[in-house]
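1. Have a look at this prediction, sequence included:
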Amino acid sequence: MKLRAILVDDEKHSLETTSILIRKFCPDVEIVAELNAPIDAVQIINQEEPDLLFMDISMPQMNGFELINVLTYKDADVIFTTAYDEYALEGFKQGAVHYLVKPIEAEELVEAVQRVKKKRIDNKQSTVPLAQMGLKPKIPISSLNGVELVEVEQIIRCESDGNYTTIVLANRKITVSKTLKEIEKQLVDFPYFFRLHNSHLVNLNHVTRYIRGEGGSVILSNTEEIGVSRSKKMDLLEVLGIN
């Protein structure tokens, strides 16, 4: 399980140290932002919708607890990082999964990340898959006339257009007033959906060919060709089993 993480700490040295430890000891954690201003962090966290937050507590303008409370995005697991262990109880009251005291020990960091992964896996397994009930998986898509239930396997790709997303099916397209991140969240239980870059999420079951290049591109079952970002290339090739 890959976790997307954002780090927030007003002390540059601490921020860099945490980042180095994560990159070295937690290969399943992808750092998408490192921020030292809590005011700026609010917008970035709401926009990026990470799985995990490494959050300092004692910060100017807004402490870690206050920052968590003003977020509109509430689905990130929080690991508080601070030099003051007296904040531990309050941290757990605020819903933190773990609490790391600086200087952070690698063993404790790995344990904290594993705890987050276990929590997320347990949450997924707590629901009965639709397939076990004899139903094809579907996601609800709201429209002016109601809610359409779209079969997941029929989705070829999803394309971002600002605050809207176009869902491409075999014989038609649906444009919905949701961001691509929101659609991706609806599809989180289906690991065959893959982000090729910021604006495209594709169903790997509909990938028929990979064309090599700097990032390369894929050909889909509807003959469309979609480019792959350089940062996603190796992960895609690994998933597709291409050497």
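-> Perfect, thanks for sending it.
2. Could you identify the helix or strand that succeeds the lowest-mean-pLDDT helix or strand in the chain?
-> Least confident helix or strand of the chain, by mean pLDDT, DSSP states H and E, is helix 88-93 with a mean of 48. Next in sequence after helix 88-93, counting helices and strands by DSSP states H and E, comes strand 98-101.
3. Quick check: can you list the domain ranges of this protein?
-> Using automatic domain parsing, the domains assigned to the chain come out as 3-125, 134-240.
4. ok, residue 230 - how many residues close by?
-> 11 (other Cβ atoms under 10 Å). No exception for glycine: its C-beta is placed from N, CA and C like everyone else's.
5. Leaving out chain neighbours, which residue sits closest to it?
-> residue 215 (4.5 Å; Cβ to Cβ, 6 or more residues apart in numbering).
6. residue ranges with poor pLDDT in the chain?
-> Along the chain, the model assigns pLDDT under 70 to residues 84-97, 123-135, 143-145.
7. Residue 1 is in contact with residue 28, isn't it?
-> Yes - between residue 1 and residue 28 there is a contact under Cβ atoms under 8 Å: 6.4 Å.
8. gap between the longest helix seen in the chain and the chain center?
-> Counting residues, the longest helix found in the chain (DSSP state H) is helix 106-125. Computed by Cα atoms, centre = their mean, to the nearest Å, the chain-centroid distance of helix 106-125 equals 15 Å.
9. Render the CA-only coordinates of the very next helix or strand once past that helix in CSV, please.
-> Once the chain leaves helix 106-125, the next helix or strand it forms, by DSSP H and E, is strand 138-143. Output of strand 138-143 as CSV, limited to C-alpha atoms (Å, rounded to 0.1, in the frame of the first residue of the first chain):
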residue,chain,number,x,y,z
LYS,A,138,-20.6,0.5,-9.2
ILE,A,139,-19.9,4.0,-8.1
PRO,A,140,-22.7,6.7,-7.8
ILE,A,141,-22.4,9.6,-10.1
SER,A,142,-24.7,12.6,-9.4
SER,A,143,-26.5,14.4,-12.2
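10. Contacts for whichever helix or strand comes after strand 138-143, please.
-> Where DSSP H and E defines the elements, the next helix or strand beyond strand 138-143 is strand 146-151. Residues outside strand 146-151 that contact it (Cβ atoms under 8 Å, 6 or more residues apart in numbering): 136, 137, 138, 139, 140, 141, 142, 167, 169, 174.
11. Mind telling me the two of those residues farthest from one another?
-> With distances taken as Cβ to Cβ, the most widely separated pair in the contacts of strand 146-151 is 136 and 142, at 19.8 Å.
12. Quick one: residues contacting residue 106.
-> By Cβ under 8 Å, 6+ apart, residue 106 lies in contact with 21, 24, 25.
13. Going through these, which ones are buried?
-> Using 16 or more other Cβ atoms under 10 Å as the burial test, the contacts of residue 106 include residue 21 as buried.
14. Among the contacts of residue 106, which one lies nearest to residue 38?
-> Ranked by distance to residue 38 (Cβ to Cβ), the contacts of residue 106 are led by residue 21 at 21.1 Å.
15. Now do the same contact list for the closest one.
-> Residue 21 is in contact with 104, 106, 109, counting by Cβ under 8 Å, 6+ apart.
16. and residue 186, how many neighbours?
-> By other Cβ under 10 Å, 16 other residues sit near residue 186.
17. now the closest residue to it other than its chain neighbours, which residues is it bridged with?
-> Of all residues not flanking residue 186 in the chain, residue 139 sits nearest, at 4.7 Å (Cβ to Cβ, 6+ apart). Judged by DSSP bridges, the bridge partners of residue 139 are residue 150.
18. Sweet, I'm off.
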